[in-house]
Every structure is written in C-alpha cells, then in structure tokens.
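Trainee: Mind looking at a prediction? Sequence and model below.
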Amino acid sequence: MSEVSAPPKPASAAQWTRQNPFPGKLLVNRRLSTPESEKDTRHFEIDLTKWGLNFEPGDSVAIYPTNDPTLVDEIIRALGAKGDEQVPAAKTTKPLREALLRDYSITQPTPKFLKAIAERASAAPMLKELLHPDRKHDLENYLWGAEAIDFLLDHPSAKFKPEEFVGLLTKLQPRLYSVASSLKVVPDCVHLIVDVVLYESRGRVRKGVCSTFLAERANKVPVPVYPSSAKHFHMPEDLNTPLIMIGPGTGIAPFRAFLQERQALGGKGRNWLFFGAQREKCDYAYKEDWERFTKDGLLTRLDCAWSRDQTHKIYVQHKLLENAAEIWKWIHGEAAQFFVCGDARRMAKDVDAALRKIVQEQGGMSVDEANAYVEKLKTDKRYKRDVY
C-alpha cells in the first residue's frame, strides 16, 4: 500500500522567529512629503496575512533588509574578486556576493577594518594617527559620511582576500520601526512611516540600508519582518485615561496606532497630540488622519510646530511651554499619561527639560521638587519614552 503524504501544515506563529522572520509583502510605498520637502518621508504597508503573530500599538517591528546590489558589486570589484568565492556567513559558507548582500554590514567601516587598512596600505599616515585612542573625537569627524568602499578605493595597495575582508565586518542587523497602525483597524497588515536616508558625501551618493531597501527594492522581494515588543511604551488599559503624545517627524508613528486602537475600542479618554516637522505645506504627515480623528471627537487637541515656516525655529517643546497651564492641568489634575517618541539626541532632551519647567512653574515647586515629581511620573509609568 503506497503512503499518502499528509497535507501541508498551515503556517503557525511558532515557525517564525528572529532567526526566521516572516516573509511580508510590500503592498503600499507612498510618499508623504511633497517633492519640495527636504525629506523623503514614506508610508509603507506590509501584508502580514498568515503570520499568526501579534503586535500592539507602541511596539516596533524589525525589518531585515538586504544591501544595495550596486554597492555590493563595487566592493567586489574593489577587492579584485569575482563574487563567487566561498566565504563564511551565517554559520555556513556562501558565495561572497550572496554574503555581502544578506549577511554583513557593508557601509559603516568597523574599527577592525580601519586598523587593517592602516596596516596594509602603503600610505595611510592620517588614518594611523587618528586610530590613536586619544583621537576618538577627531576620528568620528573624519569618518562622517565615509563608508568601507571609500577606504578600499582610496587605498588600493591594501589587499584583502574575500574571507579576510568579511572577517573585518559585522553582521547585518535588522532595523526597528514603530508600528503606525492597529491590528484592530488594519488586520493582517502593518503600517510604517520612514524617512528615506539619501545624501551625498565625498562625491558619492550614500543610502540608508533599510530605508532605501524599502523605498527602492522591497516591491520585488519578500520583506522579512518580526515583531519587537516595547511593553514600556504601551497605552494604559483604562481607556478613559487622558493621553498627551509628543511625536515630531517619524516619531508620530505610534500615536497614529494609539488613536486607531482607541477609536476601535470606543475609548472616551481625551487625547492631545503634538506634531512637529519643517514645513506645513510639504511635511505634514498623516494630515487627513488627524483631521478625521479631530472631526470624530477622538483627538481633543492638536498642536503642530513648523520649524522652518517662520524666521525663528519653533519646535514641539516650544508648543508645550506655550500650553504650560493646560498641560499641568491634564497631568496633575487629570492623571494624564505623557508619551514621547522620536529623536533621542535633541528633541527628547528638550521636551524633558520643558516638562520639568512646566511642573516647576505651574506646580510652584523648587527645581529638586519638580525633578522628583517627574521621576515619580516615570516610576508610576505615566511618563513613557521611545527614543532612538
């Protein structure tokens, strides 16, 4: 009697892991900023049908990009290689081209790679000097906008066998993006808002690894995706809790998801959103959504800061300070939760300073008392940040 093969098992969440991410399909790649904008901000929608996994507003998804094939080919040429040489990659061996496309980070020069260039190049005195431990800051400035390919082209005397070269690289890491949609509103799909990184330096065009993968190549290949929980940044379970949300630029993502979710669940809590970008005319991301949420009575207040629409720069922290009395009322009188998402280097620090100033001045406190109050907001999980 011949064996009858069992029907294939349906895909289950268990088969997807960080090492084996779900093959999503890019459905939508739409530019949100207009052509006159200084930024290319995109809205992406990735189909997750059959993934069986889950995410909540406030979470991120990891996208696993591949490298730019043109850059891979340039590196292979600069190494004097063919591309079919076998090299170690992902606990096995692969042809060099495949490994450079999928497994290794090929843009940022690693300290090991720079050291090898300095040792092998017939003349790289400046690099040798900058690699000295006390020249760290100078080295950082020197490396701004520089990539591994520059050093290979500038120092052809530094020769590397393919396996030696990949040994000087680090693993290509997935990139995390905050989800900009709620599964309750858009099931089987995730929305993302991403600034496409594209600029010129040293006479060459530089491309952000993942943002240009999504913008330029993801429509032809699966988009490997896996959720990453950010429990510290979830909304309160009580749908009546007021929310103050500060999300300039692509930091707006989680708050679009928050509002979608609150609307789907019939939440009655008040919602106040602060958004900031360069210019209202060309950088107003998701304007239609905010207008609809306002019309529906879900978005109680919307304050926008356009930094370049007037001679002096206006940022979200300025809008917070303008509304100090009302912010204090929401936080102190109504136990609102305060969320901040976006740039860690400057924006998050400036917003934090503005919040402390509001607490101090509106609450009639000393600096130390205001700081203690803000720290308590953090420990009570009423002041939450997702900054990067």
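Mentor: Perfect, I can see it now. Residues are numbered from 1 along each chain as shown.
Trainee: going forward, measure contacts and count neighbours with C-alpha atoms only.
Mentor: OK.
Trainee: Could you pull out the strands in the stretch 101-250 of the chain for me?
Mentor: Along the stretch 101-250 of the chain, the stretches classed as strands by DSSP state E, counting those that start in this stretch are 104-105, 170-171, 175-178, 189-195, 198-201, 204-207, 223-228, 243-246.
Trainee: just so I know, which of these lies nearest K287?
Mentor: For the strands of the stretch 101-250 of the chain, the distance to K287 is smallest for strand 189-195, at 13.2 Å, taking C-alpha to C-alpha.
Trainee: Any idea how far that closest one is from the middle of the chain?
Mentor: Between the centre of strand 189-195 and the centre of its chain there are 10 Å (C-alpha atoms, centre = their mean, to the nearest Å).
Trainee: Check stretch 68-86 too.
Mentor: 28 Å.
Trainee: among the strands of the stretch 101-250 of the chain, which is nearest D380?
Mentor: Short answer: strand 243-246, nearest of the strands of the stretch 101-250 of the chain by C-alpha to C-alpha, at 14.6 Å.
Trainee: helix or strand right after that closest one?
Mentor: helix 253-265 (DSSP states H and E).
Trainee: Centre of the chain to that next one, how far?
Mentor: Relative to the mean C-alpha coordinate of its chain, helix 253-265 is positioned 19 Å out (C-alpha atoms, centre = their mean).
Trainee: Same check on stretch 90-109?
Mentor: 23 Å.
Trainee: Let me know which of the strands of the stretch 101-250 of the chain is tucked in deepest.
Mentor: Comparing the strands of the stretch 101-250 of the chain on average neighbours per residue, with mean count of other C-alpha atoms under 10 Å, the densest one is strand 243-246 at a mean of 25.
Trainee: Check the offset of that one from the chain's centre.
Mentor: A distance of 19 Å separates the C-alpha centroid of strand 243-246 from that of its chain, computed with C-alpha atoms, centre = their mean.
Trainee: would TSV of the strands of the stretch 101-250 of the chain with mean pLDDT and distance to T17 be doable?
Mentor: Listed next are the strands of the stretch 101-250 of the chain as TSV, based on pLDDT from 0 to 100; distance: least, C-alpha to C-alpha, whole Å:
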stretch	mean pLDDT	distance to T17
strand 104-105	98	20
strand 170-171	97	17
strand 175-178	98	15
strand 189-195	98	17
strand 198-201	92	31
strand 204-207	92	28
strand 223-228	97	7
strand 243-246	98	32
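Trainee: which residue ranges form the strands in the stretch 251-388 of the chain?
Mentor: Assigned by DSSP E, counting those that start in this stretch, the strands in the stretch 251-388 of the chain fall at 271-277, 301-306, 337-342, 383-387.
Trainee: quick one, which of these is nearest to W290?
Mentor: The minimum distance between W290 and those falls on strand 301-306, with 7.9 Å, by C-alpha to C-alpha.
Trainee: Mind listing what's buried along that closest one?
Mentor: Buried residues in strand 301-306, counted by 16 or more other C-alpha atoms under 10 Å: C304, A305, W306.
Trainee: Mind listing the strands it pairs with, and their directions?
Mentor: Strand 301-306 has the following sheet partners, assigned by DSSP bridges: strand 271-277 (parallel).
Trainee: distance between the strand it pairs with and the chain's centre?
Mentor: Counting by C-alpha atoms, centre = their mean, strand 271-277 comes out at 18 Å from the chain centroid.
Trainee: What mean pLDDT does that strand get?
Mentor: When the per-residue pLDDT values of strand 271-277 are averaged, the result is 98.
Trainee: swap in stretch 282-291?
Mentor: Taken as a whole, stretch 282-291 has a mean pLDDT of 98.
Trainee: Can you point out the buried residues in that stretch?
Mentor: For stretch 282-291, the buried set under the neighbour-count rule, 16+ other C-alpha under 10 Å, comprises C282, D283, Y284, A285, W290.
Trainee: and K184, how many residues sit next to it?
Mentor: Close neighbours of K184, defined as other C-alpha atoms under 10 Å, add up to 15.
Trainee: what does D238 give?
Mentor: Neighbour count for D238, taken as other C-alpha under 10 Å: 10.
Trainee: can you check G145 too?
Mentor: Around G145 there are 17 other residues, counting by other C-alpha under 10 Å.
Trainee: Relative to A118, which of the strands of the stretch 101-250 of the chain is closest?
Mentor: Across the strands of the stretch 101-250 of the chain, the minimum distance to A118, taken as C-alpha to C-alpha, is reached by strand 170-171, at 18.6 Å.
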